[in-house]
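# Got a sequence here, can you model it:
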Amino acid sequence: MLITPDASLREALLDKINHKTKPPGSLGQLEDLALQLGLIQQTLTPAVVRPSLLVFAGDHGIAATGLVNPYPQAVTAQMVVNFIRGGAAINVFCRLNDIALKVVDAGVNMVFDPEVLDSPLFYNASIARGTRNYLEGPAMTARECQAALDKGASLVDELQATGCNTVAFGEMGIGNTTSAALIMASLTGIPLASCIGRGTGVTDTQLDTKRATAARALSLHPVRNGREALQAFGGFEIAMMTGAMLRAAENGMTIIVDGFITSAALLAAHDMEPAVLDYCIFAHESHEQGHRRLLEYLHVKPLLRLDLRLGEGTGAALVVPLVRAAAAFLVEMASFADAGVSQAGEDAAAGAAGKEVAP
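Predicted coordinates:
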C-alpha cells in the first residue's frame, strides 16, 4: 500500500495539530512528523507499535584490497559478534529506547560460531560471503541482487506479522561508504568528489587513494537506474536494505533512515519507486561529507545534527523517542476546546472566567 493523496485526512490532521493547546507551529518539526505519521497510518490517532531496528551486515570485495578502507575486512564479522554479545552502541541505544534489534547477515565473509548462529538477535540471510571487487566486474550478479532485494522484503513481512509498524535501518560493512558514494554519484549526477568522505577515518593519503579507486570504478560501470547501481557497486547489506524499504512502504509502515549508507539504499529504492519517500523519516545528518548533499538532493530534512558517523543505525535509534513523542502529542494533548483555554484572538480573561464579554 502506497499513500493515496487524501486532502480531507490531511486537512483533518492539520486542524487537530493546530487546535492543540499551543501556538501554531510551536512544536516545530514534531508537528510535521505527526502529520506524516497520520498520513502513513491513514488515521487521526497514529501510534508507534513494536518499533524494530534491522542492522544489515555485509562484506565488500573491494575491502580485501585495502584501497578504500583503513580497517581490515575482518572487522565486519567481529562487529557482528559484538552486536550479538550486546556490546555495541546500537545495542545500548536499542535497550535504552525499547527497540527490538535484529542483526542480519546479508553477506559477511565468515562462517559464524554457534554463539552467533543460535542467538535470537541473529538472522541468517547470507547471499554469499561478500560481494566481488567492483574493479574487476560488477559487485554482484543480477540474480544475487534480486535475491538480496527479495530477502529484505521478506524480513519486513516477518516483522509486520509480529505487529511492528515502524522499522529503522542500520548497517555494518567495511568499505561500504565508498559503495554508497558510488551509488549516489551514479544516480544523482553529483560529482564523485562531493560524495566521498573519510568514512571510518582515513588519512589524507588514504583519502586520495579512495577517491582514485572510486573514480576508476565509476568509469568501469555506467549505470542507468537504482537496480544497476546496486548490482555494480552495492554490498548485499545495501541491496537488502533497499528491498526492505520498498516492502515497508508497500506495507504502510514508517521507515526510519539512519545515515549515509542507509540513505544511499533509500536513494536506490526511490529510483525504483519514488513514493517510498513519503514513508521515510530521516534521523540525522551524518558527518560523512556526501550525506548533506544527498539529503538536499532528496529535498528532505533530518531531525538531528549531532555529527554522528558510526552507522549501525545509531542515529535512527536515537530518534525513535521523537517519533513516539510526535504520535503521543497528537493523540494525548488536549485541544483548546477540551481544556477551556482561549486561542489567539479570543478574550483570554473571559475564557478563564467562563463569562461572556460585555458589549
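# what about the stretch 101-250 of the chain, any weak spots by pLDDT?
When residues are selected by pLDDT under 70, those of the stretch 101-250 of the chain lie in 200-201.
# And the pLDDT at Phe93?
Listed pLDDT for Phe93 reads 98.
# start the count at 16, not 1, going forward
In the new numbering, first residue 16, that becomes Phe108.
# and it, what helix or strand is that in?
Following DSSP states H and E, one finds Phe108 within helix 104-111.
# do the same with Thr192
helix 191-203.
# and the helix or strand just after that helix, what does it pack onto?
Sequence-wise, the next helix or strand downstream of helix 191-203 (DSSP H and E) is helix 207-210. Here helix 207-210 touches helix 191-203, helix 219-235, helix 304-313, going by 3 or more CB pairs under 8 Å, 6 or more residues apart in numbering; DSSP states H and E. For glycine as for every other residue, the C-beta is placed from the backbone atoms N, C-alpha and C.
# so which of those comes closest to Gln51?
Shortest distance between Gln51 and the helices and strands packed on helix 207-210, using CB to CB, is found for helix 304-313: 14.6 Å.
# Work out the gap between the closest one and the centre of the chain.
Offset of helix 304-313 from its chain centre (CA atoms, centre = their mean, to the nearest Å): 14 Å.
# List the contacts of it.
By CB atoms under 8 Å, 6 or more residues apart in numbering, the residues outside helix 304-313 that reach it are 195-196, 199, 203, 205, 209-213, 274-275, 278-279, 281-282, 285, 292, 297, 300, 316-317.
# State the distance from the residue positioned nearest the centre of the chain to Asn106.
Geometric centre of the chain, nearest residue: Val272, 1.4 Å, by CA atoms, centre = their mean. Applying CB to CB, to the nearest Å, the value for Val272 to Asn106 is 20 Å.
# re earlier: tell me the buried residues in the helix holding Phe108?
Applying a neighbour-count criterion of 16 or more other CB atoms under 10 Å, one finds Ala104, Ile105, Asn106, Phe108, Cys109 buried in helix 104-111.
# Same check on stretch 303-314?
Applying a neighbour-count criterion of 16+ other CB under 10 Å, one finds Glu303, Gln304, Gly305, His306, Arg307, Leu309, Leu310, Tyr312, Leu313 buried in stretch 303-314.
# Show me where the stretch 266-374 of the chain has its strands.
Ranges of strands in the stretch 266-374 of the chain, per DSSP state E, counting those that start in this stretch, are 269-272, 295-297.
# With mean pLDDT and distance to Met260 as extra columns, can I get these in TSV?
Converted to TSV, the strands of the stretch 266-374 of the chain look like this (pLDDT from 0 to 100; distance: least, CB to CB, whole Å):
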stretch	mean pLDDT	distance to Met260
strand 269-272	98	6
strand 295-297	98	8
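# circling back to that earlier point, please tabulate the helices and strands packed on helix 207-210 in JSON lines and include distance to Arg324 as additional columns.
Shown next, in JSON lines, are the helices and strands packed on helix 207-210 (distance: least, CB to CB, whole Å):
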{"stretch": "helix 191-203", "distance to Arg324": "9"}
{"stretch": "helix 219-235", "distance to Arg324": "14"}
{"stretch": "helix 304-313", "distance to Arg324": "9"}
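# Let me know which of these is the nearest to Thr58.
That would be helix 304-313 among the helices and strands packed on helix 207-210, by CB to CB, at 25.9 Å.
# Next, the angle helix 191-203 makes with the closest one.
30 degrees (axes from the mean of the first three to the mean of the last three CA atoms, to 10 degrees).
# give me every residue that touches His302.
Going by CB under 8 Å, 6+ apart, the list of residues near His302 reads Gly212, Asp322, Leu323, Arg324.
# what about burial for these, which qualify?
Gly212, Leu323, Arg324.
# how about the nearest residue to the last one, chain neighbours excluded?
Yep, that's Arg324 we're talking about. Leaving aside its chain neighbours, Arg324 sits nearest to His302 (4.1 Å; criterion: CB to CB, 6 or more residues apart in numbering).
# Next one: that neighbour from Leu319, what distance?
Distance from His302 to Leu319, counting by CB to CB: 12 Å.
# Overlap in contacts, those two.
In contact with both His302 and Leu319: no residue, using CB under 8 Å, 6+ apart.
# about what we covered before: of the helices and strands packed on helix 207-210, flag the one that's most buried.
Highest mean neighbour count of the helices and strands packed on helix 207-210: helix 191-203, a mean of 28 (counted as mean count of other CB atoms under 10 Å).
# Could you check the angle that one makes with helix 219-235?
In terms of direction (the same axes, to 10 degrees), helix 191-203 departs from helix 219-235 by 40 degrees.
# re the thing from before, ok, the residue nearest to Arg324 to Ala157 distance?
Applying CB to CB to His302 and Ala157 gives a distance of 34 Å.
# Please apply the same query to Thr277.
In terms of CB to CB, Thr277 sits 23 Å off from Ala157.
# For the two, indicate the residue with more neighbours.
Ranked by neighbour count (other CB atoms under 10 Å), Thr277 and Ala157 place Thr277 first, with 32 against 11.
# Report pLDDT for the more buried one.
Confidence at Thr277, expressed as pLDDT, is 98.
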